[in-house]
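Peer 1: sharing a model prediction with you, sequence too.
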Amino acid sequence: MAFLGAQLVITLVMVSLIQKLSPHFSFGRWILCSTGLSRFLYPTDQELKSLAGIPKEKPKKGRHMENGKTPETFHVPRNLDLTLETAQVSQLDVVHLKYYSEFQWLLDFSVYAAITYALTEIYNYFYPITDEINLSMVWCSLVIGFAFKMLLTLWIQYFKGDESVGERSTCIVTGFVYLLIAMVILIIDENKLEIGLDKAYVSFNHSASIFLGSQGLSSSGPASQIVLKFFLALWCGLLGSLFTFPGLRMSKMHWDTMRYYKDRKFLKLLVNISFASPLLLVCLWIKPISRDYFSGRIFSGMDKPLMTSEAFDSARFIAIILVVLLRLSLMPVYLQSYLNLAEQRLENQKREAGRITNVELQKKIAAVFYYLCVVTLQFLAPLMMCLFFSLMYKTLGGYTWRAILTGSPSDECSINDQSPQPSLELPDTEKTVTQTVEELHLALSSLRKIFTTEVFRGIFGLATWWCCFTIFATNAMGMFYQSYFTNS
């Protein structure tokens, strides 16, 4: 109970910190307003008229808007020699943007959840957990839920209205493609791809059978392995569809970043490492080229492998954290590349013939900044899901950070291996309140025995690896799209 009490103290401190600090400081607001981002201002009607040589008209009666201004609409040449002015992004600019509050909350809460997780892990290092619930897993689950909800909200927008037929078709097609890929991956021998689903199913089936037997129900298992893998494949297909447009957007920003910062060699190196890093993470779960190489093979002149199996597991989690931190540190660079899209649209328009209305031209420029927070959510949500899935994978899977530092196996106990299977039998006497509470506690303990360490390793191993894989696959698809249409 001491560990649970410490967790409650940490949780209360973090909740209080959120309430006190959020009105004064926000990580989301800091990234948008304090990292030097500059936006392009759309030209006013007076500037367009001056450049196009259109004489000013006197306002006529009956054409006044409610605010006293005349709603003028006129045409200007598409190849108008126009230069856009820039301005630093400020808090007054972003507070009215679409999905700004959602982005701010997701990033801020993710930071607080990561701090809570770190404090809990530090305390757990000195006072290992026994039977208590790890409250940091609740924080991680909330972050994953928020990120998934925002991706689903953006995904649903493509199914509304008649203007998003192409996006809607893309989401549906990629969903079925990822469903097919997931079904193929789930039948791969785990000696090649070590997700751990087979061991998870065996452990879950065995534990569930024991639990049902203790309740007087005879069962050989709750469900067949084919059915469970099919539903997991459906989840993978949905997640792949949700990650499609964030991945395409990431590829577009990477392509533009390489073009805008072509003279900054070190920045280009970091950007390329960041873009290719999901492929490295995917390979870390392919056993012949990762675990067998680092923790199984003994090189000449050495008497043992490069690292132990436990150290390799810890290295995978550290690699995910480093990749996420690298991408977050480059986030302002990517966002500036996106904001430069306004100038790029104007330059592309100058190559076109014909005329365009002033309203359409202004909307084309203003829309880039208006959807800035949509882009930030597409950038942030997949990373947060990947990061916090890996943190839950590490904790609930019984892994440790100590192995990467000492190279020794973990001596920490799993949360599910602390005590033998408790009995639910109580004496046939009148139950008091204390006995009822004890019976409920024993029932919950028995139910928790179903979800063993192997089960958590299988579930979160698949979730973590699939997030890394879909980020890589969608980025690669977007890069192919950019290179094909740029060269064609």
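Peer 2: Arrived safely, thanks for sending.

Peer 1: not counting its neighbours along the chain, what's nearest R327?
Peer 2: Closest residue to R327 apart from its sequence neighbours, by C-beta to C-beta, 6 or more residues apart in numbering: S274 at 5.2 Å. C-beta: built from backbone N, CA, C; applies to glycine.

Peer 1: please, where are all the strands along this structure?
Peer 2: 38-41, 75-77, 85-88, 355-357 (DSSP state E).

Peer 1: just to revisit the earlier point, and the residue nearest to R327, what does it touch?
Peer 2: 323, 326-327, 330 (C-beta atoms under 8 Å, 6 or more residues apart in numbering).

Peer 1: state the distance from the residue nearest to the spatial centre of the chain to L248.
Peer 2: Residue closest to the mean C-alpha point of the chain, counted by C-alpha atoms, centre = their mean, is P382 at 2.1 Å. Separation of P382 from L248 (C-beta to C-beta, to the nearest Å): 12 Å.

Peer 1: ok so, going back, so can I have a markdown table of the contacts of S274 showing distance to F294 and pLDDT?
Peer 2: Formatted as a markdown table, the contacts of S274 follow (distance: C-beta to C-beta, whole Å; pLDDT from 0 to 100):
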| residue | distance to F294 | pLDDT |
| --- | --- | --- |
| V323 | 18 | 96 |
| L326 | 21 | 96 |
| R327 | 24 | 95 |
| L330 | 27 | 95 |
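
Peer 1: got a winner among these for most neighbours?
Peer 2: R327 (24 neighbours; other C-beta atoms under 10 Å).

Peer 1: buried residues in the lengthiest helix in the chain?
Peer 2: When the chain is parsed with DSSP state H, its longest helix is helix 453-487. Across helix 453-487, burial judged by 16 or more other C-beta atoms under 10 Å covers 453-479, 482.

Peer 1: what's that helix packed up against?
Peer 2: Packing partners of helix 453-487 (3 or more C-beta pairs under 8 Å, 6 or more residues apart in numbering; DSSP states H and E): helix 165-185, helix 197-214, helix 225-242, helix 244-260, helix 265-283, helix 372-396.

Peer 1: among those helices, which gets the worst mean confidence?
Peer 2: Among the helices and strands packed on helix 453-487, helix 197-214 has the lowest mean pLDDT, at a mean of 79.

Peer 1: and it with helix 225-242, angle?
Peer 2: When axes from the mean of the first three to the mean of the last three C-alpha atoms, to 10 degrees is applied, the directions of helix 197-214 and helix 225-242 differ by 120 degrees.

Peer 1: which elements pack onto helix 197-214?
Peer 2: helix 225-242, helix 433-448, helix 453-487.

Peer 1: of all these, which lies closest to R297?
Peer 2: With distances scored as C-beta to C-beta, the stretch of the helices and strands packed on helix 197-214 nearest to R297 is helix 453-487 (22.2 Å).

Peer 1: about what we covered before: same question for the longest helix of the chain, mean pLDDT?
Peer 2: Mean predicted confidence for helix 453-487 is 89.

Peer 1: for the remainder of this discussion, apply numbering that starts at 12.
Peer 2: Done: numbering now begins at 12, and the last item shifts to helix 464-498.

Peer 1: before we move on, the earlier item: select, out of the strands of the chain, the one closest to E205.
Peer 2: Of all these, strand 49-52 comes closest under C-beta to C-beta, at 46.1 Å.

Peer 1: what comes into contact with that closest one?
Peer 2: 95-100, 104, 347, 350-351, 353-354, 376, 379-380, 383.

Peer 1: kindly report the same for stretch 257-272.
Peer 2: Contacts for stretch 257-272 (C-beta under 8 Å, 6+ apart): 162, 278-279, 282-283, 286, 344-349, 351-352, 355, 386, 389-390, 392-393, 481-482, 484-490, 492-493, 497.

Peer 1: tell me which residues in it are buried?
Peer 2: 257-268, 272.

Peer 1: of those residues, which is the nearest to K240?
Peer 2: Using C-beta to C-beta, these come closest to K240 at G258, 24.5 Å.

Peer 1: the closest one - nearest residue in space that isn't next to it in sequence?
Peer 2: G258 sits nearest to T485 (C-beta to C-beta, 6+ apart), 2.2 Å away.

Peer 1: mind listing what the one you found touches?
Peer 2: 185, 251, 254-255, 257-259, 261-262.

Peer 1: list the contacts for L208?
Peer 2: Contacts of L208 by C-beta under 8 Å, 6+ apart are 197, 201, 240, 243, 469, 472-473.

Peer 1: before we move on, what about G489?
Peer 2: G489 neighbours (C-beta under 8 Å, 6+ apart): 258-263.

Peer 1: can you lay out the buried residues of stretch 257-272 as JSON lines showing distance to I65?
Peer 2: Converted to JSON lines, these look like this (distance: C-beta to C-beta, whole Å):
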{"residue": "P257", "distance to I65": "42"}
{"residue": "G258", "distance to I65": "43"}
{"residue": "L259", "distance to I65": "39"}
{"residue": "R260", "distance to I65": "37"}
{"residue": "M261", "distance to I65": "41"}
{"residue": "S262", "distance to I65": "40"}
{"residue": "K263", "distance to I65": "35"}
{"residue": "M264", "distance to I65": "36"}
{"residue": "H265", "distance to I65": "40"}
{"residue": "W266", "distance to I65": "37"}
{"residue": "D267", "distance to I65": "33"}
{"residue": "T268", "distance to I65": "38"}
{"residue": "Y272", "distance to I65": "38"}
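
Peer 1: okay, stretch 295-305 in CSV with CA atoms only?
Peer 2: Extracted in CSV, the C-alpha atoms of stretch 295-305 (Å, rounded to 0.1, in the frame of the first residue of the first chain):
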residue,chain,number,x,y,z
LEU,A,295,14.6,-4.0,-34.2
TRP,A,296,11.7,-6.6,-34.0
ILE,A,297,13.0,-8.7,-36.9
LYS,A,298,14.9,-11.3,-35.0
PRO,A,299,17.5,-12.5,-37.6
ILE,A,300,18.8,-9.0,-38.2
SER,A,301,18.5,-7.6,-34.7
ARG,A,302,18.3,-9.8,-31.6
ASP,A,303,20.3,-12.7,-33.2
TYR,A,304,23.0,-10.2,-34.3
PHE,A,305,23.3,-8.1,-31.1
